[in-house]
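Student: Give the three-dimensional model of this entry:
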Amino acid sequence: MSTPTQDYRLLLERYLSGELTAERFQSMYLDRFKTEQQRLDEPLFELLDGLFGDVDSFTKDPELLAGNPNFYLDEERLREEVRRVVKQLSDL
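Tutor: Numbers count the residues shown, from 1 in each chain. Reported below is the predicted structural model:
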């Protein structure tokens with residue numbers, strides 16, 4: 001039986017490997033986190049909740065990116081955040 005940490009790591013790695021597009025990853029991650037049924041321990045929840053905000057801020061809209069670059073993330077910045085979280089998951 002897999003753990004929530006393993007399940008989320010797999011989803012993140014599928015995105016980083018190119019198996020999932022950024023848009024598909026965004027949809028899957030947001031849906032998964034919003035409907036999570038398993039109890040997440042505090043460090044895991046905090047890490048995944050922070051990534052939720054980053055994933056939610058991802059856009060390919062150049063006007064949004066130019067208008068508020070401190071809020072919206074392009075795909076390069078999204079990948080950076082996902083890589084950071086994968087590394088931190090290893091430390092949990």
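
Student: Can you give me the buried ones in stretch 67-87?
Tutor: Residues of stretch 67-87 classed as buried by neighbour count (16 or more other CB atoms under 10 Å): Y72, L73, D74, L78, R79, E81, V82, V85, V86. Where C-beta positions appear, they are placed from N, C-alpha and C, glycine not excepted.

Student: who touches the last one in this structure?
Tutor: Contacts for V86 (CB atoms under 8 Å, 6 or more residues apart in numbering) come out as R9, L12, E13, L16.

Student: Packing partners of whichever strand or helix holds R24?
Tutor: Assigned by DSSP states H and E, R24 belongs to helix 22-34. Packing contacts for helix 22-34, counted by 3 or more CB pairs under 8 Å, 6 or more residues apart in numbering; DSSP states H and E, involve helix 4-16, helix 42-56, helix 75-91.

Student: quick one: which of those is nearest A22?
Tutor: helix 75-91 (4.9 Å; CB to CB).

Student: re the thing from before, let's have the helices and strands packed on helix 22-34 in JSON lines, adding distance to Q26 and mean pLDDT.
Tutor: As requested, the helices and strands packed on helix 22-34 are exported to JSON lines (distance: least, CB to CB, whole Å; pLDDT from 0 to 100):
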{"stretch": "helix 4-16", "distance to Q26": "9", "mean pLDDT": "97"}
{"stretch": "helix 42-56", "distance to Q26": "5", "mean pLDDT": "97"}
{"stretch": "helix 75-91", "distance to Q26": "8", "mean pLDDT": "96"}
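
Student: Including distance to A66, could those go into a markdown table?
Tutor: Putting these into a markdown table (distance: least, CB to CB, whole Å) gives the following:
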| stretch | distance to A66 |
| --- | --- |
| helix 4-16 | 24 |
| helix 42-56 | 19 |
| helix 75-91 | 14 |
